[in-house]
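Visitor: coords please:
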Amino acid sequence: MNQILATAFNGLFLHLGLALLFAVLAGVLRSPRFKGWLGERAVQNTIRAKLDPLVYVDLHNVTLPTRDGSTQIDHVLFSPYGVFVLETKNFKGWIFGSERQAQWTQQIFKRRTRFQNPLRQNYKHMRTLQELLDLPAEHVHSVIAFVGDCEFKTEMPAHVTRGSGFVAYIQSFQQTVWDPAQMQAAIDRLERLRLAPGRTTQARHVAHVQEIKARKAGGKGRGVPHQTVVEPALEVPESQVRKPAPLIQQTAEPVLSSIELASTCPQCGSALQRRLMQRGPLAGQAFFKCSSAQGCSFVRLLEPLPQGA
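Guide: Purely as a prediction, here's the structure:
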């Protein structure tokens, strides 16, 4: 009898354990964070499948320092036609919204949920990128990419897309705005400035976002005095500064150039360095770059002299 009871209890605990495991798994799969990650992966895969990597250079999950904390960009695409800043939304159901509305609406059957206008959300991303890279506003383009089983029920701007529609929108830009060397220098600068991907950076950014939400919620309380909190500028510890494999590398390969004899930068007088581009539209191309740590932007391609010159 005792053996029968023991077997029954063991079976019960096994079933309860499996039920708990499935419940936890279902909760994770339904969580906004997992859905967001899934949507970002879908957009990343589409970018790499449908956009020429020799023309478009993609960076993902880019966290940048701001005056009041940090901001996180889902995807940044560099191209000869400008920079595209993509915000991903993995939603189901009907989507209602307009450019000027602060809140948009998601409707699934009779349930309606409001969420922040993604155009406003992406505006901060664009402004941060413009300031850090010193780019003209007209060279930075906002793109909102909705993925998932959703449908727009109001007319959306051309840069608010569904599915893989963002690809056609990006490809509609065909006017070159900078030369490949300038584009490569901007990519290199962004790689130096972005915060190191990882749990520490993610935790700091999430805490910053939660603090903003709490402050806004506190300001809406009835009869509760709200104290304005002034956040200091984010100081990034040296240990968190990202040190990626460089997009460009120094090379000792001798290359004849019209500025081969110039040993100093014509803009600031610092030494020039010969480097080799590792990806992007000039992959494999050698060029001269100023070695100044003060942010000098001098870059010039190596132009081989005609044979016999």
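Visitor: dump stretch 63-76 to CSV, keeping only the CA atoms.
Guide: Only the C-alpha atoms of stretch 63-76 are listed here, as CSV (Å, rounded to 0.1, in the frame of the first residue of the first chain):
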residue,chain,number,x,y,z
THR,A,63,23.1,51.5,-27.1
LEU,A,64,24.3,55.1,-27.1
PRO,A,65,25.1,57.5,-24.2
THR,A,66,22.8,60.6,-24.0
ARG,A,67,22.8,63.7,-21.8
ASP,A,68,20.3,62.1,-19.4
GLY,A,69,21.2,58.5,-19.6
SER,A,70,21.2,56.2,-22.6
THR,A,71,19.1,55.3,-25.6
GLN,A,72,18.9,52.0,-27.5
ILE,A,73,18.5,51.7,-31.2
ASP,A,74,17.2,48.4,-32.7
HIS,A,75,19.0,48.7,-36.1
VAL,A,76,21.2,51.2,-37.8
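Visitor: in it, what's buried?
Guide: If you call a residue buried by 16 or more other C-beta atoms under 10 Å, then stretch 63-76 has these buried ones: 63, 64, 65, 66, 69, 70, 71, 72, 73, 74, 75, 76. Backbone N, C-alpha and C define where each C-beta goes, glycine included.
Visitor: the first one - that's part of a strand, no?
Guide: The one in question is residue 63. Yes. With DSSP: H, G, I helix; E, B strand; the rest coil as the criterion, residue 63 is assigned to a strand.
Visitor: show me what it is bridged to.
Guide: Beta-bridge partners recorded for residue 63 (DSSP bridges): residue 72.
Visitor: for the chain, what spans make up the strands?
Guide: Assigned by DSSP state E, the strands in the chain fall at 57-66, 69-79, 82-90, 93-96, 103-108, 111-116, 140-147, 150-152, 160-162, 248-250, 272-277, 286-290, 299-301.
Visitor: of all those, which lies closest to residue 35?
Guide: strand 82-90 (4.7 Å; C-beta to C-beta).
Visitor: lowest average confidence across the strands of the chain, which one?
Guide: The weakest mean pLDDT among the strands of the chain belongs to strand 248-250, with a mean of 42.
Visitor: quick revisit: compare the strands of the chain and give me the one nearest residue 265.
Guide: When these are compared (using C-beta to C-beta), the closest one is strand 286-290, at 4.1 Å.
Visitor: pairing partners for the closest one, with directions?
Guide: Counting by DSSP bridges, strand 286-290 is paired with strand 272-277 (antiparallel), strand 299-301 (antiparallel).
Visitor: how about that strand: buried residues?
Guide: Buried residues in strand 286-290, counted by 16+ other C-beta under 10 Å: 286, 287, 288, 289, 290.
Visitor: can you list the strands of the chain in TSV and add distance to residue 124?
Guide: Formatted as TSV, the strands of the chain follow (distance: least, C-beta to C-beta, whole Å):
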stretch	distance to residue 124
strand 57-66	8
strand 69-79	6
strand 82-90	10
strand 93-96	21
strand 103-108	16
strand 111-116	11
strand 140-147	11
strand 150-152	23
strand 160-162	17
strand 248-250	29
strand 272-277	31
strand 286-290	31
strand 299-301	29
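Visitor: low-confidence stretches in the protein?
Guide: The chain contains residues with pLDDT under 70 at 1-30, 32-34, 36, 197-263, 276-285, 293-298, 301-309.
Visitor: just the helices from it, written as ranges.
Guide: Applying DSSP state H to the chain gives helices spanning 2-30, 32-50, 118-133, 165-171, 180-193, 199-219.
Visitor: helices or strands next to the fourth one in the packing?
Guide: For helix 165-171, the contact count by 3 or more C-beta pairs under 8 Å, 6 or more residues apart in numbering; DSSP states H and E identifies helix 32-50, strand 140-147 as packing neighbours.
Visitor: and the last one with strand 69-79, angle?
Guide: Looking back up the chat, that one is strand 140-147. 90 degrees (axes from the mean of the first three to the mean of the last three C-alpha atoms, to 10 degrees).
Visitor: what's next to strand 140-147, contact-wise?
Guide: Applying C-beta atoms under 8 Å, 6 or more residues apart in numbering, the contact partners of strand 140-147 are 39, 42-43, 82-91, 95, 118-119, 122-123, 125-126, 129-130, 152, 159-163, 165-166, 169-170, 173.
Visitor: thank you kindly, that will do.
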